[in-house]
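In: need coordinates for the following:
(2 chains)
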Amino acid sequence: MLDLRTPSGWFFALLGVILVVLGVFTPGLRAALTDLNVNLYCGLVMLAFGGVMLVLARTRP
Amino acid sequence: MKLAPVDYLILAIYFAFVLGIGWRLRKSVESSRDFLTSGRSVPVWITSLAFLAANLGAQEVIGMSASGAKYGIMTAHFYWIGAVPAMLFVGIFMMPFYYGSHARSVPEYLKLRFDEKTRGLNAITFAVMTIFSSGISMYALGLLLRLVLGWSFTASVLLSAAIVLTYTLLGGLTSAIYNEVLQFFLIVLGFSPLAILAVSKAGGWSGMQSRLPPVMTHSWQYMSSGSQNPMGVEVFGLVAGLAFVLSFGYWCTDFLVIQRAMAADSMSAARRTPLLAAFPKMAMPFIVIMPGIAALALSTMHAGYTLPVKGDGYDYDQAFTTLMAQFYPSGMLGVGLTALMASFMSGMAGNVTAFNTVWTYDIYQSYIRKGAPDAHYLMVGRLTTIVGTALSIATAYVAQRYNNIMDLLQLVFSFVNAPLFATFLLGMFWRRATGHGAFTGLVSGITVATLTHGFTVAEQKGGWITPIHQFPSTMAQNFWIAIFAWTACFVTTIMVSLLTRPRPAEELRGLVYGLTKLPQETGVSWYRRPAPVAVLVVAVLLLLNIWFR
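Out: Modelled structure (predicted):
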């Protein structure tokens, strides 16, 4: 059967890439109440989460 | 809230993935059991996250952050003492009977343990209630998206229903469960940045403590009487009403969640499902309640954020979405909105799949057409998915037109649910309990709940017979209705059982404590055994309650 880690991994890796690209190329995109580059940081976390899922799916512990 | 193209792109990617998961799983459905019970094949990490996610609707996220802003950290009682002990109990003590009896649903367990009429009562009320709650949450979603994004009610209701319908139809319960886990990850990754941003803006926990009245940042200290805290609830009502009757009644008997555990691939996995789910459950207040409290703290600070106002008070229901609009730029805003849709979908898919199984096995196969080949029931299961979704949509529109009917129905359902745990407790742990006892117990519990509501008043609600007692809040009233209903059911079941003929012991093997070989968990590492995991859960629960006392 389908290993759920594979689609979740790809999903979050993809979201992560979109957010990181957005964070790097449009750093001026900020929300009203925070000076942080929210897209960049959240994107990195999602990329990492997606990567871990994909590694786990590959190694199948 | 204004969405950019990238936000829509993220939403579209999410839709593509949930549909893709359904498409990939379509081949795993060959029988009605595969479609309706996942053929008991799902790994434990997936069942435990689905156990949690199926209960986590969008209403809950919005409602719990609203309660956070209204009642403070006391709201966490709904996650900690009001859920975790029951989750431990169902995993350790009740799952051996649910999973071991080979029942396909909770009503079917009642049929095996008691009799046809007890199953019928439970199956029919459950089927009606799941449709209504799925419709009401759909209504809430349509309302929310119209308010926040200006989307049309019909478009958002139909679009989200169509997606849930498609992936459930393709892969059945497995598809619903797999998507619930994806949705759960999205909820955590999409909402926790908001909690972190809002809380740090409000000065962290200590900053919030210094800005808010102490009752908002203590969960136990102002509980000795209802007049001290905004919930209007005192310790006994909370512990007996919420933590015992309502929480055990939901987590230990509601097929919506139990179905996830029953889909697990082994007895040990089924037992650990609610135990492992308890860890993320205990963490949820930090993601959904903390932003609410932070919203209230920010409103006192002149930091550029105030809660929207409604009438002469705050509109707490808008706390979560307004925070999101203020802290998330385009991009992350799309993720947050997608997570909100995801939480709605996981709740709705949970309702639809539970309704499917109960309708197909407990109503259709039991009362309408017995003994047909399995392919027939598979077809009925698929058709039921469509009919169930259509009924939910219809309910959403009824809710939109007749708000009061919906309130009334929810009230009636709470009366039906309140006594249930007494029936299961006696059924599983007292072999003398009989079918007549269980049935009259349930009926008397529901009657007492109705009478209690008729004789008491809170916030102008209830007291329609003649008001003889006043509660400080409807929440307190609900807790006490549950306590009375449970007690009535418990006592009546025992009395009628003692007067009626017991079933012979050999018929009850595998169904009752003392006549069932309990699973022995030896020779596996400690974290694969239920008891040590439960001890760890209790330790974390105690620490949280001491820290936020």
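
In: give the rounded mean pLDDT of the longest helix along chain B.
Out: If each helix of chain B is counted by residues according to DSSP state H, the longest one is helix B:153-201. Mean pLDDT, computed over helix B:153-201, is 90.

In: counting contacts, what elements does whichever strand or helix holds residue B:207 pack onto?
Out: Per DSSP states H and E, residue B:207 falls inside helix B:204-211. The contact analysis (3 or more CB pairs under 8 Å, 6 or more residues apart in numbering or on different chains; DSSP states H and E) places helix B:204-211 against helix B:290-299. Backbone N, C-alpha and C define where each C-beta goes, glycine included.

In: contact partners of the helix it packs on?
Out: B:64-70, B:72-73, B:75, B:191, B:194-195, B:198-199, B:201-203, B:207-208, B:211-212, B:216-217, B:305-307, B:314, B:316, B:319-320, B:322-323 (CB atoms under 8 Å, 6 or more residues apart in numbering or on different chains).

In: now the buried members of these.
Out: The neighbour-count test (16 or more other CB atoms under 10 Å in any protein chain shown) marks B:64-70, B:72-73, B:75, B:191, B:194-195, B:198-199, B:201-203, B:207-208, B:211-212, B:216-217, B:305, B:307, B:314, B:316, B:319-320, B:322-323 as buried among the contacts of helix B:290-299.

In: low-confidence ranges in chain B?
Out: Applying pLDDT under 70 to chain B flags the ranges B:406.

In: how near is the residue of it most remote from its centre to residue B:211?
Out: Note on chain B: the largest C-alpha distance from the chain mean falls to residue B:302, namely 36.8 Å (CA atoms, centre = their mean). Plainly put, residue B:302 is 11 Å away from residue B:211 if you go by CB to CB, to the nearest Å.

In: correct me, but residue B:358 touches residue B:129?
Out: No. The pair formed by residue B:358 and residue B:129 falls short of the contact definition of CB atoms under 8 Å, at 10.2 Å.

In: neighbour count for these two, which is higher?
Out: residue B:358 (28 against 22; other CB atoms under 10 Å in any protein chain shown).

In: can you give me phi and psi for residue B:469?
Out: phi -150, psi 150 (degrees, to the nearest 10).

In: right, I mislabeled it, should have said residue B:461
Out: With angles defined as degrees, to the nearest 10, residue B:461 shows backbone torsions of phi -100, psi 140.

In: quick one: it and chain A, what's the gap?
Out: 38 Å (CB to the nearest CB, to the nearest Å).

In: so what's that residue up against?
Out: B:474, B:477.

In: picking up where we left off before, distance from the helix holding residue B:207 to the middle of the chain?
Out: 31 Å (CA atoms, centre = their mean, to the nearest Å).

In: the inter-axis angle of that helix versus helix B:290-299?
Out: If you take axes from the mean of the first three to the mean of the last three CA atoms, to 10 degrees, helix B:204-211 sits at 50 degrees to helix B:290-299.

In: which non-adjacent residue is nearest residue B:419?
Out: Excluding the flanking residues, the one nearest residue B:419 by CB to CB, 6 or more residues apart in numbering or on different chains is residue B:445, at 2.5 Å.

In: where in chain A is pLDDT low?
Out: A:61.

In: quick check: residues of it near chain B?
Out: Contacts of chain A with chain B, taken as CB under 8 Å from any CB of the partner chain, map to A:1-2, A:4, A:7-8, A:10-12, A:14-15, A:18-19, A:22-23, A:29-34, A:36, A:38-39, A:41-43, A:45-46, A:49.

In: one more time with 6 Å, if that's ok
Out: A:1-2, A:4, A:7-8, A:11, A:19, A:22, A:29-34, A:38-39, A:42, A:46 (CB under 6 Å from any CB of the partner chain).

In: which of those residues are buried? Put it as a PyMOL command.
Out: Burial among the residues of chain A next to chain B is assessed by 16+ other CB under 10 Å; the matching PyMOL selection reads:
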select buried, chain A and resi 2+4+7+8+11+19+22+29+31+33+34+38+39+42+46
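
In: give the contact list for residue 42.
Out: Using chain A here. Counting by CB atoms under 6 Å, 6 or more residues apart in numbering or on different chains, residue A:42 makes contact with A:19, B:193, B:332.

In: that's the wrong chain, I wanted chain B
Out: Contacts of residue B:42 (CB under 6 Å, 6+ apart): B:177, B:263-264.
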